[in-house]
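In: here is the input, now give the coordinates:
(2 chains)
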There are 2 protein chains.
Amino acid sequence: MVDRHEFIKSLISPNNSKIVLLVMDGIGDIPDESGLTPLQRANTPNLDAIARESELGQSIPVLPGITPGSGPGHLGIFGYDPIKYQIGRGILEALGSNVEVGPKDVVARGNFATIKDGIVIDRRAGRPSSEESAKIVELLNEKITKIEDVEIRFFPGKEHRFVLKLTGEGLGDNLEDADPQKEGKPIKYTSALSSDSEKTAKIINILLDKIKEVLKEESRMNFALVRGFSKHPHLPQFGEVFKLKAAAVAVYPMYKGIAKLVGMDVVSTGQTVEEEFDTVAKLWKEYDFFYIHVKKTDSYGEDGNYDSKVKVIEEVDSVLPKLLSLKPDVLIVTGDHSTPCLMKSHSFHPVPVMIKAKFVRRGLSDRFNEYECARGTLGTIKAVDIMTLALAYAGRLKKFGA
Amino acid sequence: MVDRHEFIKSLISPNNSKIVLLVMDGIGDIPDESGLTPLQRANTPNLDAIARESELGQSIPVLPGITPGSGPGHLGIFGYDPIKYQIGRGILEALGSNVEVGPKDVVARGNFATIKDGIVIDRRAGRPSSEESAKIVELLNEKITKIEDVEIRFFPGKEHRFVLKLTGEGLGDNLEDADPQKEGKPIKYTSALSSDSEKTAKIINILLDKIKEVLKEESRMNFALVRGFSKHPHLPQFGEVFKLKAAAVAVYPMYKGIAKLVGMDVVSTGQTVEEEFDTVAKLWKEYDFFYIHVKKTDSYGEDGNYDSKVKVIEEVDSVLPKLLSLKPDVLIVTGDHSTPCLMKSHSFHPVPVMIKAKFVRRGLSDRFNEYECARGTLGTIKAVDIMTLALAYAGRLKKFGA
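Out: Numbering: from 1, shown residues only, chains lettered A, B, ... in the order given. This is a model prediction of the structure:
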């Protein structure tokens, strides 16, 4: 079977067009008791105006029924089949914590835990504050720097979480989690699942004993569980596949991390959506493609906070003229997945997509929401098709075949 | 993965039904300044009446965002995955010029070019008229008929174009183009890309020298560039896969050629759509399946001539009663791709599809156009699914599994 990226690459014909991909994280929703979704409820004159000049559709992040995490959700809209390119949780946690991961590194997610007589009695060590656990990370970095020829580094995370990084030759990432998963069970050492990971397993098991030794006087955070071992995945690079010079404008580390993984330039920006749009304006001439990430739509969905989700949508809408004044050749407004307020979590529901460009079947809808998108002219597409459409609307794809 | 054709073949259960596939080339469009597409603008009482008795949908020719040439566009609606079955440009050019291609043949596209001191100074020899270049073709056919045991034939094309055919044993088609692609560069000889094509490469390079010798007194057309070497592709045959005796009713050589490639009988017909329908009527008892090709919708799209595209649609509509009076069991009206007048080219936009048959979810629409099709009961399908639907509506597919 022909590789999707190879196929698209063979048709690329670069030009001077500008493409903007505005990702409102978790934008898709379901109606609450009022019968309306947050997108339907929100007062969005600018999104409505775009809808009138756009084609609408809905996208399936992975497969119907599959709820993606942020990693697969974003890989999809970046044009990478999220089932083909699976990324270890360790690497996502590392990227999310701004940890650089090189080719000789293996990273893993860690929890500080409480053990007693070799039994894990609290997998989260009583949920310490991030400040408390950062002190433990500092202590470990001071006491443990190397095991044999492998460098060891700990990076602080939120609350009980941290990231572990091993750097050295011959480290594989195919090993069992060093985590019993349940409380009341004994400490679990790791073991290699293939011979290329035997060295890593050995180092990790020595490390676990060292951690126990260093933390033996601590009352709560006196041990660590590590899991999700992963190396840097080799993803085809966005710039090479799509021949686009791409800037990622995102506030949160996780999204910067995924953008970095596919080879986008992660540019520095402010904390608000307006500042993100200002960043795009400032860099307008330097890039062909701008990925802009809006986090709060997802956060309020996860909190089940319908009114605040509506408000964030209205805030984005109110600053949209700034983005529109740049006159992108192609503007795509979508999300990486749905996060229904009633579910307080990511979901599998299709995600609204809207594409504004020169050559569109416009005029069907005058609102941007789940229901208008479901009957839109783009139809129901896969998230992975969005990038192909972006290139097509930008005039960057040659005809296939004679 | 199960082969699509093998799967369908295992379910085929022939009957006496008649299927008509009416392909209005490039029918899909986008709205012009008036806000309407040509299909929306056209006065089409007969298509409207069919719409009321049909299911509508839209089809993706290849993948969302991919603009197909006529080859891939037609292969899709004939039920062949256009990415799996890629057809060399040489073979399409040959078929388009009515050149028969057999199993021992390798064909290629040729340009007459102007060279000076071994440098290509005009890749199109100043765009001679088709008459001028036909004379050169005649001269070459007279002077060069055989190299070693390989027969050589030249066929005239439009302006500077011609088709080259080699016939002999042991000829492969995996070789580099003998074309420097840019002016100001030296003549480029070919070389084989695999051992099965070494003989072809050797013959082509001898041929290039002979052409140079024969044309040395010509002022403009004094050399030839050849590229797109291809053999006859081995496509599963339509009649075998779908168990349908199929007639292709088309005016233009390219479409006859593609139909021939998949094994349809190309029947002779007149120049107008009405004459095409008369041909179908005449052959009604002899075939199960009729592919009817209407070219002008695409031509006017390519010209950006919105009003004439509307007129062609109305012309087709006006003679439709002739086709309807045959009472086909399944009538499919669609296109091979969209050709928006504003773009003056093929495009990637989904293509309207309408299926009239006995057992349909009818009654949703009373017009046949892009917007009605986008919300139709068939949904957004792949072009390659249209043939399966045709068979299904014709009652020619058994239940899959118990």
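In: and the spatially closest residue to residue A:132 that is not a sequence neighbour, what element?
Out: In space, not counting the residues next to it along the chain, residue A:132 is nearest to residue A:221; the distance is 7.5 Å by CB to CB, 6 or more residues apart in numbering or on different chains. The way it works is simple: take the backbone N, C-alpha and C, and place the C-beta from them, glycine included. Remark: residue A:221 resides in no helix or strand, with elements defined by DSSP states H and E.
In: how close does residue A:221 sit to residue B:341?
Out: Counting by CB to CB, to the nearest Å, the separation of residue A:221 from residue B:341 is 69 Å.
In: now do the residue nearest to residue A:132, the pLDDT please.
Out: You'll see residue A:221 listed with a pLDDT of 97.
In: residues contacting residue A:127?
Out: Taking CB atoms under 8 Å, 6 or more residues apart in numbering or on different chains as the definition of contact, the neighbours of residue A:127 are A:159-160.
In: what of residue A:124?
Out: The contact partners of residue A:124, by CB under 8 Å, 6+ apart, come to A:111-113, A:159-160.
In: nearest to residue B:30, of those?
Out: Comparing the contacts of residue A:124 against residue B:30 with CB to CB picks out residue A:159 as the nearest, at 52.2 Å.
In: from what I can see the closest one touches residue A:131, true?
Out: No. Under the criterion of CB atoms under 8 Å, residue A:159 is not in contact with residue A:131, lying 9.9 Å apart.
In: these two: which has the busier surroundings?
Out: residue A:159 (18 against 9; other CB atoms under 10 Å in any protein chain shown).
In: what's the burial count for the closest residue to chain B within chain A?
Out: Closest approach of chain A to chain B (CB to the nearest CB) occurs at residue A:379, with a separation of 2.9 Å. Counted with other CB under 10 Å, the burial measure for residue A:379 works out to 25 neighbours.
In: ok, the residue nearest to residue A:132 - contacts?
Out: When contacts are counted by CB under 8 Å, 6+ apart, residue A:221 touches A:112-114, A:125, A:128, A:132-133, A:136, A:160, A:215.
In: same thing but at 6 Å, please
Out: A:112, A:125, A:136 (CB atoms under 6 Å, 6 or more residues apart in numbering or on different chains).
In: neighbour-wise, which of these leads?
Out: Using other CB under 10 Å as the neighbour criterion, residue A:112 leads the contacts of residue A:221 with 30 neighbours.
In: and that one, what pLDDT?
Out: Looking at residue A:112, the pLDDT reads 97.
In: which residues does it form a beta bridge with?
Out: On the basis of DSSP bridges, residue A:112 takes part in beta bridges with residue A:224.
In: thought it was touching residue A:159?
Out: No. Using CB atoms under 6 Å, residue A:112 is not in contact with residue A:159, being 8.8 Å away.
In: tell me the SS of the closest residue in space to residue A:155 that isn't next to it in sequence?
Out: Excluding its sequence neighbours, the residue lying closest to residue A:155 (CB to CB, 6+ apart) is residue A:163, at 4.2 Å. Following DSSP: H, G, I helix; E, B strand; the rest coil, the label given to residue A:163 is strand.
In: so who does residue A:163 touch?
Out: A:93-94, A:97, A:99, A:155.
In: ok, so of the residues you listed, who is nearest residue A:46?
Out: Comparing these against residue A:46 with CB to CB places residue A:97 closest, at 34.8 Å.
In: got a list of what residue A:245 touches?
Out: Remark: with contacts taken as CB under 6 Å, 6+ apart, residue A:245 is in contact with A:287-288.
In: give me the phi and psi angles of it.
Out: phi -90, psi 110 (degrees, to the nearest 10).
In: likewise for residue A:274?
Out: Torsion angles, degrees, to the nearest 10, at residue A:274: phi -60, psi -40.
In: can you tell me the helix or strand for the residue lying closest to it once chain neighbours are set aside?
Out: Take residue A:274 and drop its neighbours on the chain: the residue closest to it by CB to CB, 6+ apart is residue A:319, 4.5 Å away. Under the assignment given by DSSP H and E, the secondary-structure element containing residue A:319 is helix A:306-324.
In: contact partners of that helix?
Out: Among residues not part of helix A:306-324, those counted as contacts by CB under 6 Å, 6+ apart are A:32, A:38, A:41-44, A:46-47, A:273-274, A:277, A:294, A:296-297, A:300-301, A:341.
In: cool, stretch A:52-62 as well?
Out: A:68, A:72-73, A:76, A:82, A:337, A:350-356, A:360-362, A:365-366, A:372-374, A:376-383.
In: what residues of that stretch count as buried?
Out: Counting neighbours by 16 or more other CB atoms under 10 Å in any protein chain shown, one finds that the buried residues in stretch A:52-62 are A:54-62.
In: out of the contacts of helix A:306-324, which sit inside helices?
Out: The helices, defined by DSSP state H, take in A:38, A:41, A:46-47, A:273-274, A:277, A:296-297, A:300-301 from the contacts of helix A:306-324.
In: how about the strands in chain A?
Out: Assignment of strands within chain A using DSSP state E yields the ranges A:19-24, A:54-60, A:105-116, A:119-122, A:146-147, A:150-156, A:161-167, A:223-230, A:246-249, A:265-266, A:289-294, A:330-334, A:351-356, A:379-382.
In: direction included, what does the fifth one pair against?
Out: Spelled out, it's strand A:146-147. strand A:150-156 (antiparallel).
In: what angle do the strand it pairs with and strand A:223-230 make?
Out: 110 degrees (axes from the mean of the first three to the mean of the last three CA atoms, to 10 degrees).
In: from the chain's centroid, how far away is strand A:150-156?
Out: Once both centres are worked out by CA atoms, centre = their mean, to the nearest Å, strand A:150-156 turns out to sit 23 Å from its chain's centre.
In: what packs against the lowest-mean-pLDDT helix or strand in chain A?
Out: Taking mean pLDDT, DSSP states H and E as the measure, chain A has helix A:89-96 as its least confident helix or strand, at a mean of 81. Other helices and strands packing on helix A:89-96, by 3 or more CB pairs under 6 Å, 6 or more residues apart in numbering or on different chains; DSSP states H and E, are strand A:105-116, strand A:223-230, helix A:253-261.
In: and the first one, how far from the chain's centre?
Out: Between the mean C-alpha point of strand A:105-116 and the mean C-alpha point of its chain there is a distance of 22 Å (CA atoms, centre = their mean).
In: just the last one next, same as before
Out: Using CA atoms, centre = their mean, the mean C-alpha position of helix A:253-261 is found 6 Å from that of the whole chain.
In: between the least confident helix or strand of chain A and helix A:253-261, how many degrees?
Out: When the same axes, to 10 degrees is applied, the directions of helix A:89-96 and helix A:253-261 differ by 100 degrees.
In: outside of helix A:89-96, which residues touch it?
Out: Helix A:89-96 has contacts (CB under 6 Å, 6+ apart) with A:71, A:101, A:107-109, A:163, A:228-230, A:253-254, A:257.
In: go with 7 Å
Out: Contacting residues not belonging to helix A:89-96 are listed as A:71, A:101, A:107-109, A:163, A:165, A:228-230, A:232-233, A:253-254, A:257-258, A:260-261 [CB atoms under 7 Å, 6 or more residues apart in numbering or on different chains].
In: now restrict the residues you listed to buried residues only.
Out: By neighbour count, with 16+ other CB under 10 Å, the contacts of helix A:89-96 hold A:71, A:101, A:107-109, A:163, A:165, A:228-230, A:232, A:253-254, A:257-258, A:260-261 as buried.
In: can you name the residues of chain A that neighbour chain B?
Out: Within chain A, the positions near chain B by CB under 7 Å from any CB of the partner chain are A:2, A:7, A:359-364, A:375-377, A:379-381, A:385, A:388-389, A:391-392, A:397, A:399-402.
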